[in-house]
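Participant: sequence isn't available, so here's the structure alone:
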DNA sequence: GCAAAAGTGTTCCCGATACACCCATGC
DNA sequence: GCATGGGTGTATCGGGAACACTTTTGC
C-alpha cells in the first residue's frame, strides 16, 4: 500500500429523499446557496467526516439541511467520475430515503437557500452528476420493491390495502390487479390485519393493516442498516442483453444468497 | 456543503481475485510486507489517487502487486467501519476479479512480500476487515452467476459444456443436472457451439462452445465497466426475514430494472 | 336505491425440476 | 467390447398472471 501522504479524493454523501404527494412520486431538492452551481437544484448531501460512517454522514446531512431525522435510509451506489465536481476530486456515495407523506418537513438549513419537493418524472437539470445519481436511486428503489416491507415506508404505520397498492402503482406507473395483490399480501407474513377500520366516503370501510413486528415503533422510525456494505454493481445504460443465468437444480442456492437480508436499526 | 478544508477519510480499493484451481475456488492473497499487519495475509489493493477512477485504481493495484492486467473486474461493496484501519480513517471499495485458470501469474510486486493462491473455503484470518470483504465478494459472485456470461470467465474462450457446468458446481458446491443445464444453455443466446471438438480420453469428444459475441477478444480480455455505480446494499448478518415483494402484474417492470445490464469495456 | 370502493377464487401458462438411456471414442 | 464421459426428451409441479362478481357503506 502507498503511504498516507498522497493526495486523496474527498468523499461526500448525497441523499435522494422519496415521498409520495398528490399521487405522484416526489424527491427533495435544495436550491444551492453557494458555488459551484449556485442557484441550481441539487441533492441534499455533504462531506463525510473522519469520525462517522457513511450512514451517519447521510443522516447528519439530511438533518442539517432538511430537519428530517427519522426515515428509511439505504446506500445504493458510488459515483467516482473524475470530473464530477469542478472544484476537486470528490467521490460521492448515494443514499435514498423514504418518508411517509405526512412527515413532510421542508425547512432550509445552513447550506441550502431553499428546500422543496419536485415531481420525480419532471426533474430539471441538477447540479454535478446528480441526475445520474437520481436515476440509479430510482432504479434501486424499483428493484427494492421486491422487499415487501419497503413500500409501506411511504405510508403511516397503519394503512389500507388500497393505499398500499396505490404506492406500487404510483412508483411503477402501472396498474396492479387487486386480487393478486391481496393474495400476495396474505402469502407473506409481513403484514397483519388490525381490527380497525378506516371509513372514508360512501362505501364500505377498509380494514387497516400494519407491518407485523414485535415493535411497531422500530419499524416506523427505522433507518436501514447495511453493515456498511453494498453490492451489485449496476449499469444505467439501456442495453437489453441481460440474460438469466442457469439455475436448474441450484435456484434455491442462488436465492438464498441473492435475496439479501434487510435489517433495520433504531 | 462543507468546505474542502475538513479532514477527509482516505479511500482504498481491495480486490478479490477468484480463480479455479484443482477443482476448487481459490482467491489471491498477499503476505503483507509492511505494517500494520506485517506478515499477515491480506487482499491486494491500495490507495486511490485523485486522478483515477476506482476501477482504474483497482486495475493499477492489481497489476502492481500481481502483474495481472486483463480480467473481469466488478465493484461490489464499500466498507466504512470507522476502526477498520488502525492507522487512519480509511474507506475501502471492494472489487472482485475473475481470471481463467490458465492465466495464473503469481509474482510479488512492490508492497507484497509474497503472492499466492488460497482455497476459498479454508481461509485464515486476514488483515483488517478483509475476511468480511471476502465474504461479501463471494456472495456477490454467487448472485452474479445469474448473469450467464459471467461463469465462463473462469474458462478459456472456448470450453466444453462439461467444463462450464463444473464451474457452477465448484462455486455452488452442488451438483447440477446435465440435461437441464444444457437446456438452459440453448435457451439463452449467450453461447454458440463452435464446429471444433475437444478430444480428451477414451470417450466421445465434446463440442467446444464460446460466448456469442461480435468480438471474441473483447470478451476474453474484458474489464467489466459499471459506469462507476453500484447498488443493492447487502447485509451479511444471517437474519432470515427476507421476503419477496409483490410482483403480480408488474413482475416484468421489476425485472427490466432489477436485471442490471453488464457491460464490458476493453 | 344507487354510487363507490372493499373484498373474494379459479383457471391458465410457463419456467423450473426431476429423471434414464443411447452415442461416440480410446484403448 | 467395454469403459468413459458426451449428448438427448418428457412429465410434473408451482408461482405468476388474467379475469368478474358480491358486499358494505354513505348519501
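Facilitator: That came in fine, so what should we check first? Predicted model only: the values in this text are computed from it and were never measured. Numbering: from 1, shown residues only, chains lettered A, B, ... in the order given.
Participant: which element follows the host helix or strand of residue A:143 toward the C-terminus?
Facilitator: If you go by DSSP states H and E, residue A:143 is part of helix A:130-144. Next along the chain after helix A:130-144, taking DSSP H and E as the criterion, comes strand A:158-160.
Participant: close to DNA strand C, is that next one?
Facilitator: Yes - using CB under 7 Å from any atom of the strand, strand A:158-160 reaches DNA strand C at residue A:160. Quick note: C-beta positions are derived from backbone N, CA and C, even for glycine.
Participant: helices and strands around that strand, which ones?
Facilitator: Counting contacts by 3 or more CB pairs under 8 Å, 6 or more residues apart in numbering or on different chains; DSSP states H and E, strand A:158-160 is packed against strand A:191-198, strand A:206-211.
Participant: contacts for that strand?
Facilitator: Around strand A:158-160, the neighbours that count as contacts under CB atoms under 8 Å, 6 or more residues apart in numbering or on different chains are A:152, A:194, A:196, A:198, A:206-210.
Participant: which of these count as buried?
Facilitator: Burial by neighbour count, 16 or more other CB atoms under 10 Å in any protein chain shown: within the contacts of strand A:158-160 this picks out A:152, A:206, A:208-210.
Participant: which of the residues you listed are close to DNA strand C?
Facilitator: Within these, those near DNA strand C by CB under 7 Å from any atom of the strand are residue A:206.
Participant: pLDDT-wise, what's the bottom of the buried ones among the contacts of strand A:158-160?
Facilitator: The member of these with the lowest pLDDT is residue A:152, and it reads 89.
Participant: what sits against it?
Facilitator: Residue A:152 sits next to A:159, A:164, A:167, A:191, A:211 when contact means CB under 8 Å, 6+ apart.
Participant: need those in CSV (columns: neighbour count).
Facilitator: Shown next, in CSV, are the contacts of residue A:152 (neighbours: other CB atoms under 10 Å in any protein chain shown):
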residue, neighbour count
A:159, 24
A:164, 21
A:167, 23
A:191, 21
A:211, 20
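Participant: a markdown table for those residues, including pLDDT?
Facilitator: Converted to a markdown table, these look like this (pLDDT from 0 to 100):
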| residue | pLDDT |
| --- | --- |
| A:159 | 95 |
| A:164 | 94 |
| A:167 | 94 |
| A:191 | 92 |
| A:211 | 90 |
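Participant: quick one: name the residues of chain A near DNA strand D.
Facilitator: A:177-180, A:184, A:199, A:201-205.
Participant: report the buried members of these.
Facilitator: residue A:184.
Participant: adding secondary structure, distance to chain B and pLDDT, write the residues of chain A next to DNA strand D out as a markdown table.
Facilitator: A markdown table is the format used below for those (DSSP: H, G, I helix; E, B strand; the rest coil; distance: CB to the nearest CB, whole Å; pLDDT from 0 to 100):
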| residue | secondary structure | distance to chain B | pLDDT |
| --- | --- | --- | --- |
| A:177 | coil | 5 | 93 |
| A:178 | helix | 10 | 94 |
| A:179 | helix | 9 | 94 |
| A:180 | helix | 4 | 92 |
| A:184 | helix | 4 | 90 |
| A:199 | coil | 26 | 91 |
| A:201 | coil | 25 | 84 |
| A:202 | coil | 28 | 90 |
| A:203 | coil | 23 | 93 |
| A:204 | coil | 23 | 95 |
| A:205 | coil | 23 | 96 |
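Participant: what's the closest of the contacts of strand A:158-160 to residue B:84?
Facilitator: Closest approach to residue B:84 among those (CB to CB): residue A:152, at 33.7 Å.
Participant: quick revisit: ok, which of the helices and strands packed on strand A:158-160 comes nearest chain B?
Facilitator: Of all the helices and strands packed on strand A:158-160, strand A:191-198 sits nearest to chain B, with 10.0 Å by CB to the nearest CB.
Participant: angle of that closest one against strand A:206-211?
Facilitator: Here strand A:191-198 runs at an angle of 140 degrees relative to strand A:206-211 (axes from the mean of the first three to the mean of the last three CA atoms, to 10 degrees).
Participant: ok, strand A:191-198 near chain B or not?
Facilitator: No - Strand A:191-198 lies apart from chain B when judged by CB under 8 Å from any CB of the partner chain; the minimum separation is 10.0 Å.
Participant: who's in contact with that strand?
Facilitator: So strand A:191-198 is in contact with A:148, A:152, A:158, A:160, A:185, A:205-212, going by CB under 8 Å, 6+ apart.
Participant: mind listing the helices in chain A by residue range?
Facilitator: A:54-66, A:130-144, A:161-172, A:178-187, A:216-220, A:251-258 (DSSP state H).
Participant: to residue A:80, which of those helices lies closest?
Facilitator: Nearest of the helices of chain A (CB to CB): helix A:130-144, 11.6 Å.
Participant: which elements pack onto that closest one?
Facilitator: strand A:10-21, strand A:72-79, strand A:90-98, helix A:161-172, helix B:251-258.
Participant: pLDDT averaged over the second one, what's the number?
Facilitator: Over the span of strand A:72-79, the pLDDT mean works out to 94.
Participant: in its sheet, which strands sit next to it, and in what direction?
Facilitator: Sheet pairing for strand A:72-79, assigned by DSSP bridges, gives strand A:90-98 (antiparallel).
Participant: tell me the angle of the partner strand relative to helix B:54-66?
Facilitator: On the basis of the same axes, to 10 degrees, strand A:90-98 is oriented at 120 degrees to helix B:54-66.
Participant: tell me what the most centrally placed residue in chain A is bridged to.
Facilitator: Centrality entry for chain A: nearest residue to the mean C-alpha point is residue A:96, 3.2 Å, by CA atoms, centre = their mean. When bridges are called by DSSP bridges, residue A:96 pairs up with residue A:16, residue A:74.
Participant: now do the same contact list for it.
Facilitator: Counted by CB under 8 Å, 6+ apart, residue A:96 has contacts A:15-18, A:73-74, A:76, A:137, A:140-141.
Participant: so what pLDDT did the closest residue to residue A:45 other than its chain neighbours get?
Facilitator: Using CB to CB, 6 or more residues apart in numbering or on different chains and skipping residues adjacent in sequence, the residue nearest residue A:45 is residue A:14, 3.6 Å away. On pLDDT, residue A:14 comes in at 97.
Participant: so how far is residue A:30 from residue A:14?
Facilitator: Distance, residue A:14 to residue A:30, by CB to CB, to the nearest Å: 11 Å.
Participant: overlap in contacts of these two?
Facilitator: A:43-44.
Participant: isn't residue A:17 right up against residue A:66?
Facilitator: Yes - at 7.3 Å, residue A:17 counts as touching residue A:66 under the criterion of CB atoms under 8 Å.
Participant: mutual contacts of these two, please.
Facilitator: With CB under 8 Å, 6+ apart, residue A:17 and residue A:66 have common neighbours A:28, A:44.
Participant: hmm, back to that, would you mind giving the helices of chain A as TSV with distance to residue B:84 added?
Facilitator: As requested, these are exported to TSV (distance: least, CB to CB, whole Å):
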stretch	distance to residue B:84
helix A:54-66	12
helix A:130-144	25
helix A:161-172	35
helix A:178-187	40
helix A:216-220	27
helix A:251-258	24
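Participant: quick one: closest of these to residue B:9.
Facilitator: Going by CB to CB, the one of the helices of chain A nearest residue B:9 is helix A:54-66, 9.2 Å.
Participant: list the buried residues of that closest one.
Facilitator: So for helix A:54-66, counting by 16+ other CB under 10 Å, buried means A:54-62, A:64-66.
Participant: determine if any part of it is in contact with chain B.
Facilitator: Yes - using CB under 8 Å from any CB, helix A:54-66 comes into contact with chain B via residue A:54.
Participant: so where's the stretch 151-266 of chain A uncertain?
Facilitator: Applying pLDDT under 70 to the stretch 151-266 of chain A flags the ranges A:214-266.
Participant: how about 80 then?
Facilitator: For the stretch 151-266 of chain A, residues meeting the criterion pLDDT under 80 lie at A:213-266.
Participant: on that earlier part again, identify the farthest-apart pair in the contacts of strand A:191-198.
Facilitator: A:148 and A:205 (24.4 Å).
Participant: measure how buried residue A:22 is and give me the count.
Facilitator: 9 (other CB atoms under 10 Å in any protein chain shown).
Participant: ditto for residue A:155
Facilitator: Counted with other CB under 10 Å, the neighbours of residue A:155 add up to 21.
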